[in-house]
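Undergrad: Sequence first, then the predicted structure, then my questions.
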Amino acid sequence: MVENRPWANFFAHLMLIGGVALVVFPVYIAIVASTQAPGDLLRGSLPMLPGSHGWENYKAMWSTGLSRAGAPPAGHMLWNSFVMAMAITIGKLSISLLSAFAIVYFRFRFRMFFFWLIFITLMLPVEVRIIPTYQVVADLSMLNSFAGLSIPLIASATATFLFRQFFMTVPEEMLEAARVDGAGPLKFFKDILMPLSITNIAALFVIMFIYGWNQYLWPLLITTDPDYYTIVMGIQRMTSEENPQWHLIMAAVVLAALPPVLVILFMQRLFVKGLTETEK
Amino acid sequence: MQTKRMTFPGHWLPYALLAPQVIITLIFFIWPAGQAMYQSLLREDAFGLRSTFVGLENFARLFRDGAYLNSLSVTAVFAIGTTLLSMSVALLLASTVNRMIRSRSTYTTLLVWPYAIAPAIAGVLWWFIFHPSIGVIPYVLNVVGYDWNHRTSGADAMMLVVFAAAWKQISYNFLFFLAGLQSIPQSLIEAAAIDGASPIKRFWTIVFPLLTPTTFFLMVVNVVYAMFDTFGIIHATTEGGPSQATNTLVYKVYSDGFVGLNLGSSAAQSVILMAIVVALTVVQFRFIERRVNY
């Protein structure tokens, strides 16, 4: 700050508090709504303070869910989301590490061809090829399975490029020393490259986990069996009902938002690193 | 493209290492994209039994179709509205946070977490607080005499999805603006202050021009986000309505193809979207190569 202006500081704080309030407001309302008794929300004016029915609402949502709306218990859907997010994250990280290793540390025919092939995936998000991708997954009979939920999403140009970038900065001497000591490519990868990449892996892990957890269109397309519903798409089924049970839906919304928000809050530094580096 | 000066010898190993990525790319990316292009040239009969080659007829039909042209303009309004709203709020917050010394990291933490919330969840949250009969905001608006109803008014529905999409994106823009602001040399700002420039003048004549690269980058990213990552917001709330007022291009591909089963038309729309993504990616990469351009 250049000059000291107490009033300007005061207004700056005021504005930031307003900004934070704006950002928090929808979630605060959701928390308030999730603690009300069934009838309280329909009286026309929403209470502004949390009610006393939180425990029973969350318990009902967690263990029974809204089966009338065709949605399984939230506990089950959270588990599905977790499995899917972890499968996508670990899958993306492992195949990207391997392909970046191949591209940086080997010279072979069609290297550039493979590099561009991976690059093209950046330009083909699921949203632009909905029907044919669905057909492929249906032909491979991967509908309603965790394999179908995760495998088609684990190709990752972003992660491959990031690891390639990072491997290029690893000093040449590392490889020379390793080869003098007689280490083969896989040993070099496992014992030298992996430990060096650990911060990058962790930063990408945070970003990819959030990406995986928040998938919506893809689970919507390929799951018709409620056993495989994920929480983010399951909530839509509850709201499209005739008389939505808002106090329970908002409990599900809070449960669905909690895991990725906690990941960001507890791993903020890794999150910022991952976010700024994947977008370069 | 370079490799290391020294590399490993290997005949089959590099191919084996690349295999998982390449196989998944071919099966789930390249093949479906090729299928979409192929199907965009075909028309299926009403029972889906036979398809005939119709050339570019599907595309020609789209551009004569009022619903598609409407969807184009809806997407443009939505993307521009979301980008402008989200970026201006984020810039305001970032430049204010940047003044702070002790409280900077606290405010940052309090502002970044909405990034974690899925678009569909953001949509449901805003849908609920704008709910015409039980929402908080329509209740307040009613007092000042505005009858909010996103079920019947297209403008209200559009505002709702723009709010939800922009709200979720503020944290992303905020982080990048803050990083951009912190890389501006403090000496420039001090020199201007000594010459008597007010904080507002300093912002518009020094800070904002120096932020241009960040602003351009974020504009592209936000347009991509608004066009392709907001399917969940639309699907979980307005479902394209009322009367097509929020039917964006991506939502229309889904509803025409997956719900309406009009495969030829949906495939043609996919191909147009691919062209848009390719164009935006090229803009993004050309720009990033010349990241500093003032």
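TA: Nice, I can see it.

Undergrad: When you work out contacts or count neighbours from here on, use the C-alpha atoms and nothing else.
TA: Fine.

Undergrad: what is the rounded mean pLDDT of the strand or helix carrying A:Leu265?
TA: Following DSSP states H and E, one finds A:Leu265 within helix A:246-266. For helix A:246-266, the mean per-residue pLDDT is 89.

Undergrad: how about that helix: buried residues?
TA: Applying a neighbour-count criterion of 16 or more other CA atoms under 10 Å in any protein chain shown, one finds A:246-257, A:259-261, A:263-264 buried in helix A:246-266.

Undergrad: Near chain B, list only the ones from those.
TA: For chain B, the contacts drawn from the buried residues of helix A:246-266 by CA under 8 Å from any CA of the partner chain are A:253, A:256-257, A:260-261, A:264.

Undergrad: Briefly note if stretch B:95-110 comes near chain A.
TA: Yes: applying CA under 8 Å from any CA, one finds stretch B:95-110 touching chain A at B:96-97, B:99-100, B:107, B:109-110.

Undergrad: so how far is the first residue of that stretch from its last?
TA: End-to-end distance for stretch B:95-110, by CA to CA, to the nearest Å: 15 Å.

Undergrad: outside of it, which residues touch it?
TA: Residues outside stretch B:95-110 that contact it (CA atoms under 8 Å, 6 or more residues apart in numbering or on different chains) are A:1, A:12, A:16, A:20, A:265, A:268, B:175, B:177-178, B:181-182.

Undergrad: Could you report the pLDDT at the residue sitting nearest the centre point of chain A?
TA: Centre of chain A computed as the mean C-alpha position; nearest residue by CA atoms, centre = their mean is A:Ile210, 1.9 Å away. Here, the pLDDT recorded for A:Ile210 equals 92.

Undergrad: Check the gap between it and A:Thr276 for me.
TA: From A:Ile210 to A:Thr276 the distance is 15 Å (CA to CA).

Undergrad: ditto for B:Val124
TA: 28 Å.

Undergrad: Then B:Asp65?
TA: Taken as CA to CA, the span from B:Asp65 to A:Thr276 is 41 Å.

Undergrad: now do A:Ala177
TA: For A:Ala177 relative to A:Thr276 (CA to CA), the value is 32 Å.

Undergrad: cool, and B:Leu17?
TA: 27 Å.

Undergrad: Who has more neighbours out of those two?
TA: B:Leu17 (19 against 13; other CA atoms under 10 Å in any protein chain shown).

Undergrad: right, and that one touches A:Tyr105 too?
TA: No: the criterion here is CA atoms under 8 Å, and B:Leu17 misses it with A:Tyr105 at 11.1 Å.

Undergrad: A:Val232 and B:Ala120 touch, don't they?
TA: Yes: counting by CA under 8 Å, B:Ala120 is a contact partner of A:Val232 at 6.9 Å.

Undergrad: So for the two, which residues contact both of them?
TA: Counting by CA under 8 Å, 6+ apart, the shared contacts of A:Val232 and B:Ala120 are A:Tyr216.

Undergrad: Now, of the residues of stretch B:95-110 next to chain A, which are buried?
TA: For the residues of stretch B:95-110 next to chain A, buried by 16+ other CA under 10 Å: B:96-97, B:107, B:110.

Undergrad: Now flag whichever of the residues you listed is closest to A:Met123.
TA: B:Leu110 (32.9 Å; CA to CA).

Undergrad: and the closest one, which of the three is it?
TA: helix (DSSP: H, G, I helix; E, B strand; the rest coil).

Undergrad: would you list every one of the helices in the stretch 151-280 of chain A?
TA: A:157-169, A:172-180, A:185-188, A:194-196, A:198-213, A:217-222, A:231-239, A:246-266, A:268-278 (DSSP state H, counting those that start in this stretch).

Undergrad: Alpha carbons only: can I get the fifth one in PDB?
TA: So that's helix A:198-213. In PDB, the C-alpha atoms belonging to helix A:198-213 read as follows (Å, rounded to 0.1, in the frame of the first residue of the first chain):
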ATOM      1  CA  ILE A 198       5.700 -35.600  -5.700                       C
ATOM      2  CA  THR A 199       4.600 -31.900  -5.200                       C
ATOM      3  CA  ASN A 200       3.400 -31.700  -8.700                       C
ATOM      4  CA  ILE A 201       1.500 -35.000  -8.300                       C
ATOM      5  CA  ALA A 202      -0.100 -33.700  -5.100                       C
ATOM      6  CA  ALA A 203      -1.100 -30.400  -6.600                       C
ATOM      7  CA  LEU A 204      -2.700 -32.200  -9.600                       C
ATOM      8  CA  PHE A 205      -4.300 -34.700  -7.300                       C
ATOM      9  CA  VAL A 206      -6.300 -31.900  -5.700                       C
ATOM     10  CA  ILE A 207      -7.500 -30.400  -9.000                       C
ATOM     11  CA  MET A 208      -8.300 -33.800 -10.500                       C
ATOM     12  CA  PHE A 209     -10.200 -35.000  -7.400                       C
ATOM     13  CA  ILE A 210     -12.400 -31.900  -7.600                       C
ATOM     14  CA  TYR A 211     -12.900 -32.500 -11.300                       C
ATOM     15  CA  GLY A 212     -13.800 -36.100 -10.800                       C
ATOM     16  CA  TRP A 213     -16.100 -35.500  -7.800                       C
END
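
Undergrad: Would stretch A:151-167 count as contacting chain B?
TA: Yes: for a cut-off given as CA under 8 Å from any CA, stretch A:151-167 has contacts with chain B, namely A:151-152, A:154-156.

Undergrad: and those residues as CSV, adding neighbour count?
TA: Below are the residues of stretch A:151-167 next to chain B laid out as CSV (neighbours: other CA atoms under 10 Å in any protein chain shown):
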residue, neighbour count
A:Ile151, 18
A:Pro152, 21
A:Ile154, 25
A:Ala155, 27
A:Ser156, 20
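
Undergrad: In chain B, which residue is most central in space?
TA: B:Tyr225 (1.5 Å).

Undergrad: B:Leu273 touches A:Pro125, doesn't it?
TA: No: here B:Leu273 does not reach A:Pro125: they are 9.9 Å apart, not a contact under CA under 8 Å.

Undergrad: The two: which is more packed in?
TA: Neighbour count, other CA under 10 Å: between B:Leu273 and A:Pro125, B:Leu273 has more, with 23 against 16.

Undergrad: how about the residues of the stretch 51-200 of chain A near chain B?
TA: A:95-96, A:98-99, A:101-108, A:112, A:114, A:117-118, A:121, A:123-124, A:127-133, A:136, A:151-152, A:154-156, A:168, A:172, A:175-176, A:185.

Undergrad: Select only the buried ones of the residues you listed in ChimeraX?
TA: A single ChimeraX command selects the buried members of these (16+ other CA under 10 Å):
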select /A:95,96,98,99,101,102,103,104,105,106,107,108,114,117,118,121,123,124,127,128,129,130,131,132,133,136,151,152,154,155,156,168,175,185
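
Undergrad: Run through the residues that contact the residue of the stretch 151-294 of chain B found nearest chain A.
TA: Sorted by distance to chain A under CA to the nearest CA, the residues of the stretch 151-294 of chain B start with B:Ser270, at 4.9 Å. Going by CA under 8 Å, 6+ apart, B:Ser270 touches A:128-130, B:36, B:253.
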